[in-house]
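In: Sharing a model prediction with you, sequence too.
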Amino acid sequence: MAEAKGVSTPASREESDSHKDVSGKVPNREAVGSPTYLAAATRPDVAFTVNKAARVMDRPAEKDWNNVKRNFRYLRSTSNYGLKYTRGSGELKVFSDADFAGNKVTRRSTTGFTAVFADGAVSWASQL
């Protein structure tokens, strides 16, 4: 991954049809566990992709492994990103969004929110 070309977004809209099981062939648990701290502590921009990858951690398909690799390519190209707080901006703003039955199998929705104070995120979550 050291020579990987960076990408501008952590997730892609295009869904691959490859359901080939790659469990045991790739270090999926380690690759999903590594950015978990980043998503929880300093990088709200990858919370969705990390949570989505964690849902299929036991039996990943080839498309899931490709999404994990894309997330690492995004992290590589945005390694200078972080949270920045501005003094004097004391307004709390909360943003939320959800898809309606985005999971085609279970018809469950994914929802998320971000709370911003002093021009920096103070709380965020993404969950199924």
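Out: In hand now; what should we look at? Numbering: from 1, shown residues only.
In: Report the buried residues of the helix or strand containing A39.
Out: With elements taken from DSSP states H and E, the one containing A39 is helix 36-41. Neighbour counts over helix 36-41 (16 or more other CB atoms under 10 Å) mark L38, A39 as buried. From N, CA and C alone the C-beta is placed, and that goes for glycine too.
In: by contact count, what packs against that helix?
Out: Counting by 3 or more CB pairs under 8 Å, 6 or more residues apart in numbering; DSSP states H and E, the packing neighbours recorded for helix 36-41 are helix 47-55.
In: May I see the buried residues of the helix it packs on?
Out: Buried residues in helix 47-55 (16+ other CB under 10 Å): A47, F48, T49, V50, N51, K52, A53.
In: hmm, who's touching that helix?
Out: With CB atoms under 8 Å, 6 or more residues apart in numbering as the test, helix 47-55 has contacts from 10-11, 31-32, 35-36, 38-40, 60, 64, 67-68, 70-71, 74, 110, 112, 124-128.
In: Grab the nearest non-local neighbour of G112.
Out: S126 (3.8 Å; CB to CB, 6 or more residues apart in numbering).
In: Give me the pLDDT value at that neighbour.
Out: The model reports S126 with a pLDDT of 86.
In: quick one on the thing from earlier: what is the nearest of the buried residues of helix 47-55 to K25?
Out: Lowest distance from K25 to the buried residues of helix 47-55 (CB to CB) belongs to A53, with 16.1 Å.
In: Please report the distance of that closest one from L92.
Out: In this view, A53 and L92 are 30 Å apart by CB to CB, to the nearest Å.
In: related to what we said a few turns ago, run through who's touching the helix holding A39.
Out: Counting by CB under 8 Å, 6+ apart, V46, A47, V50, N51, A54, L75 sit against helix 36-41.
In: try it again with 6 Å
Out: Residues from elsewhere that reach helix 36-41, judged by CB atoms under 6 Å, 6 or more residues apart in numbering: V46, A47, V50.
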